[in-house]
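**Q** Have a look; sequence and predicted model below, questions after that.
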Amino acid sequence: MRDKFNEQLEQLNVELIKMGALCEEGISAATKAMLDQDDSLRETAAAAEREIDQKERDIENLCMKLLLQQQPVAGDLRAISAALKMISDMERIGDQAADIAEITRFTVNSPVTTRVPIAEMARCAIGMVTDSIDSYVRKNLDLAQSVVRKDDEMDEMFLNVKSDLIRHIGQGDDGEVCIDLLMIAKYLERIGDHAVNIAQWVEYSLTGQHSDD
């Protein structure tokens with residue numbers, strides 16, 4: 001029974017890695033769609049969102065099997081409970097990446113798009129998502145805590161982008177585009193927040209303590 005349980009736990013790790021990779025793909029495609037104005041990349045982000053939704057259902061079913069059929073001990077129970085919380089945040093990340101891709105339809109051909117450091121925010125967001133999921137799979141508390149600390153960096157990036165966009169509006173640049181870009185930056189900040197949530201659930205799975213407690 002324990003061998004079967006360990007196999008299913010390993011399957012859970014594999015599925016979480018796949019879901020995380022889809023989140024990364026969605027964020028990357030959405031950002032490139034903004035910079036390159038490529039409709040195919042918008043569809044890539046939308047397709048990633050659909051796959052993420054399916055992964056959420058698949059992982060939820062696997063977690064329920066582990067809980068109901070295998071009677072996990074305390075540490076394993078925390079790990080499975082954390083995974084159920086994590087996939088909810090990952091699903092929201094997929095939604096927000098798709099929302100970013102949709103907004104990029106309204107930023108076509110605006111020079112402001114390449115003058116604000118939104119791509120830097122996207123790289124930070126992808127790194128936070130990757131590290132948060134990797135910390136779960138590797139049971140690495142230090143890595144999880146490093147994601148939590150990066151939240152301040154992401155918040156600072158958002159404030160910088162916001163200031164840049166206010167300056168562009170003041171200079172007479174396209175106000176509607178600036179507002180759209182601000183929405184994109186806000187979505188990226190929220191993706192960072194979801195990565196922090198994931199990392200905090202990893203911390204709970206490893207220590208029994210949640211950093212918000």
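**A** Structure's in. What do you need?
**Q** What sits closest to Leu41 if chain neighbours are left out?
**A** Once its chain neighbours are removed from consideration, Leu41 has its nearest residue in Ala33; the separation is 3.9 Å (CB to CB, 6 or more residues apart in numbering). Placement of C-beta: from N, CA and C, glycine included.
**Q** One more: Val196?
**A** Distance criterion CB to CB, 6+ apart; nearest residue to Val196, sequence neighbours excluded, is Asp151 at 4.9 Å.
**Q** From what I see, the one you found and His194 are in contact.
**A** No. Look at Asp151 against His194 with CB atoms under 8 Å: they stay out of range, at 10.7 Å.
**Q** what bits of the protein have low per-residue confidence?
**A** Along the chain, the parts satisfying pLDDT under 70 run over 1-2, 212-213.
**Q** quick one, longest helix in this protein?
**A** Counting residues, the longest helix in the chain under DSSP state H turns out to be helix 2-36.
**Q** ok now whichever helix or strand comes after it, how far from the chain's centre?
**A** Secondary structure here is assigned by DSSP states H and E; on that basis, the next helix or strand after helix 2-36 toward the C-terminus is helix 39-69. When distances are taken as CA atoms, centre = their mean, to the nearest Å, helix 39-69 is centred 13 Å away from the chain's centroid.
**Q** Counting neighbours, which bits of the longest helix of the chain end up buried?
**A** By neighbour count, and taking 16 or more other CB atoms under 10 Å as the criterion, the buried residues in helix 2-36 are 5, 8-9, 12-13, 15-16, 18-34.
**Q** what's the angle from that helix to helix 39-69?
**A** 160 degrees (axes from the mean of the first three to the mean of the last three CA atoms, to 10 degrees).
**Q** Helix 2-36 - contacts with which helices or strands?
**A** helix 39-69, helix 74-103, helix 118-138, helix 175-207 (3 or more CB pairs under 8 Å, 6 or more residues apart in numbering; DSSP states H and E).
**Q** Could you grab the helix/strand/coil label for Ser211?
**A** Look at Ser211: counting by DSSP: H, G, I helix; E, B strand; the rest coil, its state is coil.
**Q** which residue packs closest to it, ignoring adjacent ones?
**A** Sequence neighbours aside, Gln200 is the residue nearest to Ser211 in space, at 5.1 Å (criterion: CB to CB, 6+ apart).
**Q** Perfect, I'm done here.
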